[in-house]
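> What follows is a predicted structure for the sequence shown.
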Amino acid sequence: MGKKLESLKEKIEPGKELLLEEAVKLLKESAFAKFDETVDLALNLGVDPRKSEQMVRGTVVLPHGIGKTVRVLVFAKGEKEKEALDAGADFVGAEDLVDKISKGWLDFDKSVATPDVMGLVGKLGKILGPRGLMPNPKLGTVTFDVARTVKEIKAGKVEYKAEKAGIIHVPIGKVSFDADKLLANARSVVNSIIKAKPATSKGKYLKKLSISSTMGPGIAVDIASLGKGV
């Protein structure tokens, strides 16, 4: 595996930025792991996330999903409980789920809650918060529109948030995806992040863009080649 990684690194010229299509092609040709690696998009933004008005975060539904089954848990009662189950939620409940999670159970990937049960769910903040599993109104996961939200998550809705250095990492699929699907997913993410540009952001917003697989090095992408309409 070490030799294969070195061989890939030799194909990547230091400082050279490729067209997005070229980067995806190289990434797919060079994948060497024995499992289906996740493809990750990394964007360096010209923002300071320590300032609340410059925080960049949001969600985007990838047109071709992320290539994995997402287990969705919904905190809801009554009619909304049935709505969540009909939409494909894997786990639905209220007090019973809060009790189960407080005892250490965490076998789910995303959670959604209706606003009327957030008083209950708030007790799990210290458990779910650090793991990125807490329902959040800013991300649309605290809502009465349970059916739509569950279906979007199942279809490939991903969240993104700028880290301290202004970097965003977003999964855009698997190495086994057709190149066209990875390109469409990548463009959807970049478009969404462009739309989320804070009004207070000055200077260059998209500074660097790279694409990588789980085991591979980052491949730099020429942002200018994406054009205004990614």
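Here it is on my side, so go on.
> what comes up buried for the helix or strand where residue 148 lies?
Assigned by DSSP states H and E, residue 148 belongs to helix 146-155. By 16 or more other C-beta atoms under 10 Å, the buried positions in helix 146-155 come out as 146-147, 149-150, 152-154. Every residue, glycine included, has its C-beta placed from N, CA and C.
> Run through the residues that contact the nearest residue to residue 225 once chain neighbours are set aside.
Excluding its sequence neighbours, the residue lying closest to residue 225 (C-beta to C-beta, 6 or more residues apart in numbering) is residue 19, at 4.9 Å. Under the criterion of C-beta atoms under 8 Å, 6 or more residues apart in numbering, the neighbours of residue 19 are 221-222, 225.
> Then residue 183?
Counting by C-beta under 8 Å, 6+ apart, residue 183 touches 20-21, 24.
> Repeat the analysis, applying 6 Å as the threshold.
Counting by C-beta atoms under 6 Å, 6 or more residues apart in numbering, residue 183 touches residue 24.
> tell me the SS of it?
helix (DSSP: H, G, I helix; E, B strand; the rest coil).
> how deep is residue 94 tucked in, by neighbour count?
For residue 94, the neighbour count with other C-beta atoms under 10 Å is 20.
> for it, what are its contacts?
75, 77, 117.
> For residue 203, state which of the contacts of residue 19 is nearest.
residue 222 (18.9 Å; C-beta to C-beta).
> Distance of that closest one relative to residue 18?
Distance, residue 222 to residue 18, using C-beta to C-beta, to the nearest Å: 6 Å.
> Please apply the same query to residue 46.
22 Å.
> Okay, domains of the protein per the record?
Using automatic domain parsing, the domains assigned to the chain come out as 14-66+157-226, 72-154.
> what are the ranges of the helices in the chain?
Secondary structure of the chain (DSSP state H): helices located at 2-11, 20-30, 79-86, 95-102, 118-121, 125-128, 146-155, 179-195.
> Identify whichever of those lies nearest to residue 110.
Nearest of these (C-beta to C-beta): helix 146-155, 5.2 Å.
> From the contact counts, what lies against the closest one?
helix 79-86 (3 or more C-beta pairs under 6 Å, 6 or more residues apart in numbering; DSSP states H and E).
> Can you give me the buried ones in the helix it packs on?
Neighbour-count burial for helix 79-86 [16+ other C-beta under 10 Å]: 80-81, 83-85.
> what's it in contact with?
74, 76, 92, 114, 146-147, 150.
> Recalculate using a threshold of 10 Å.
Helix 79-86 has contacts (C-beta atoms under 10 Å, 6 or more residues apart in numbering) with 72-76, 89-94, 112-114, 116-117, 143-150.
> so how far is that helix off the chain centroid?
Offset of helix 79-86 from its chain centre (C-alpha atoms, centre = their mean, to the nearest Å): 25 Å.
> returning to what we had before: what subset of the contacts of helix 79-86 is buried?
Neighbour-count burial (16+ other C-beta under 10 Å) applied to the contacts of helix 79-86 gives 72-76, 89-94, 112-114, 117, 143, 146-147, 149-150.
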